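**Q** generate coordinates for the sequence data below:
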Amino acid sequence: MSNQTDASEQLDDPRPATYYHLARAVLYREFLIFVRYPANAIGGIVVSLFFFGVLFYGGRMVAGQALTDSIEGIIVGYFLWTLSVGAYSSVSNDIGSEVQWGTLERHITTPFGFAPVALLKGVAKIVRTFLTSAIVLAAMILITGTTLQLELLTIVTIAGLSITSVLGLGFAAGGITVLYKRIGNWLNLLQFGFIVLISAPVFDAPWTRLLPLAHGSALLQRAMVDGTRLWEFDPLDLGLLVAVAIGYLVGGYLVFQTATRRARRLGVLGDY
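**A** Below is the predicted model:
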């Protein structure tokens, strides 16, 4: 009888959730959003291709052969830009939406804490962004008739580390959003700054390698245009890419934590 009681108590007592369960739930949520709202997902791809079409056909009318000679670099840069915008907005816009919906405090009170939840939601959106950006990349190659070196391991590793630094910027922007609420215009302006970072002259100005996206963009150009494989890169170049990614991610996380703590002290965490 006692054994039956112990067994029933074990069944009634739920096991505590782990980060594995959190990651699975967040990924499944992102999958459902993608499947149940296909028009929005397709619209994002169409908009990306529209702007690339304007850039390509308009630029060819103005620049002619000069644009054709540099089209490989333009495609790689635009591909990295779509990934960067997705990584950045995955955190900053999502936190802004939580503030407007009034569900921010629900995340704060979770056993995991708000920062890990926001980070995993950002990673889930990056996975989706990789899929949609891959479709955009394939369409750009077909439109332009360009040939690129598409070694999957190299591209995913370099692009993933490159946009990790942008994820840190998204964390910092999300923390500022929690504190000041409506700053969407400033956050959107930063997305266009990614174009400057991606096209930074890392060879003429080596210090720009320390900026987000700059060093990663240069390595991705070598991988997709020149065909350099991951194991063929200089270990110092890869080490710098990892250091920049971790540095900006940790820095953005600290800004996010500082801003949310200040919002709590001011009593404006749940206000809008």
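**Q** please make it C-alpha for all contacts and neighbour counts, starting now.
**A** Will do.
**Q** what segments of the stretch 101-250 of the chain are helices?
**A** According to DSSP state H, counting those that start in this stretch, the stretch 101-250 of the chain carries its helices in the segments 104-108, 114-144, 152-180, 184-198, 214-224, 235-266.
**Q** next, the angle helix 152-180 makes with the longest one.
**A** When you say that, I think you mean helix 235-266. 20 degrees (axes from the mean of the first three to the mean of the last three CA atoms, to 10 degrees).
**Q** how far off centre is helix 235-266?
**A** Counting by CA atoms, centre = their mean, to the nearest Å, helix 235-266 is centred 14 Å from the centre of its parent chain.
**Q** show me the shaky parts of the protein.
**A** 1-17, 59-69, 92, 96-110, 181-185, 267-272 (pLDDT under 70).
**Q** among the helices of the stretch 101-250 of the chain, which is nearest Glu30?
**A** Judged by CA to CA, the one of the helices of the stretch 101-250 of the chain that comes nearest to Glu30 is helix 114-144, at 6.5 Å.
**Q** the closest one packs against which elements?
**A** helix 19-36, helix 38-63, helix 71-101, helix 104-108, helix 235-266 (3 or more CA pairs under 8 Å, 6 or more residues apart in numbering; DSSP states H and E).
**Q** now do the same contact list for Phe79.
**A** Ser133, Val136, Leu137 (CA atoms under 8 Å, 6 or more residues apart in numbering).
**Q** in TSV, list those along with distance to Gln191 and neighbour count.
**A** Shown next, in TSV, are the contacts of Phe79 (distance: CA to CA, whole Å; neighbours: other CA atoms under 10 Å):
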residue	distance to Gln191	neighbour count
Ser133	16	23
Val136	18	23
Leu137	19	19
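**Q** with distance to Phe34 added, can I get those residues in CSV?
**A** Shown next, in CSV, are the contacts of Phe79 (distance: CA to CA, whole Å):
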residue, distance to Phe34
Ser133, 14
Val136, 16
Leu137, 19
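**Q** nearest residue to Val166 other than its sequence neighbours?
**A** Leaving out its chain neighbours, the residue that sits closest to Val166 by CA to CA, 6 or more residues apart in numbering is Tyr88, at 5.6 Å.
**Q** number of nearby residues for the closest residue to Val250 other than its chain neighbours?
**A** In space, and not counting its chain neighbours, Val250 is closest to Gly168: 6.8 Å by CA to CA, 6+ apart. Residues contacting Gly168 under the criterion other CA atoms under 10 Å number 29.
**Q** which ones are touching the residue nearest the centre of the chain?
**A** Centroid-nearest residue in the chain: Ala87, 1.3 Å away (criterion: CA atoms, centre = their mean). With contacts defined as CA under 8 Å, 6+ apart, Ala87 is in contact with Gly122, Val123, Lys125, Ile126, Thr129, Ile163, Thr164, Val166, Leu167, Gly170.
**Q** just give the nearest non-adjacent residue to the fourth one, would you?
**A** Of all residues beyond its chain neighbours, the one nearest Ile126 is Ala87 (5.5 Å), with distances taken as CA to CA, 6+ apart.
**Q** now swap in the third one and tell me
**A** Here the nearest residue to Lys125 in space, its sequence neighbours aside, is Ser90; by CA to CA, 6+ apart that works out to 5.9 Å.
**Q** correct me, but the one you found touches Gly170?
**A** Yes. The pair Ser90 / Gly170 is scored as a contact, 7.5 Å apart, by CA atoms under 8 Å.
**Q** who has more neighbours, those two?
**A** Gly170 (32 against 24).
**Q** my guess is that one contacts Gly86. True?
**A** No. Gly170 lies out of contact with Gly86 (CA under 8 Å); the separation is 9.9 Å.
**Q** if we can go back for a sec, quick one, what contacts the residue nearest to Val166?
**A** Here Tyr88 is in contact with Val166, Leu167, Gly168, Leu169, Gly170, Gln191 (CA under 8 Å, 6+ apart).
**Q** so how many other residues sit close to the fourth one?
**A** Just to be clear, that refers to Leu169. The number of residues near Leu169, taken as other CA under 10 Å, comes to 27.
**Q** that one touches Tyr248, doesn't it?
**A** Yes. With contact defined as CA under 8 Å, Leu169 reaches Tyr248; the gap is 7.0 Å.
**Q** show me which of the contacts of Tyr88 is closest to Gln221.
**A** Val166 (18.1 Å).
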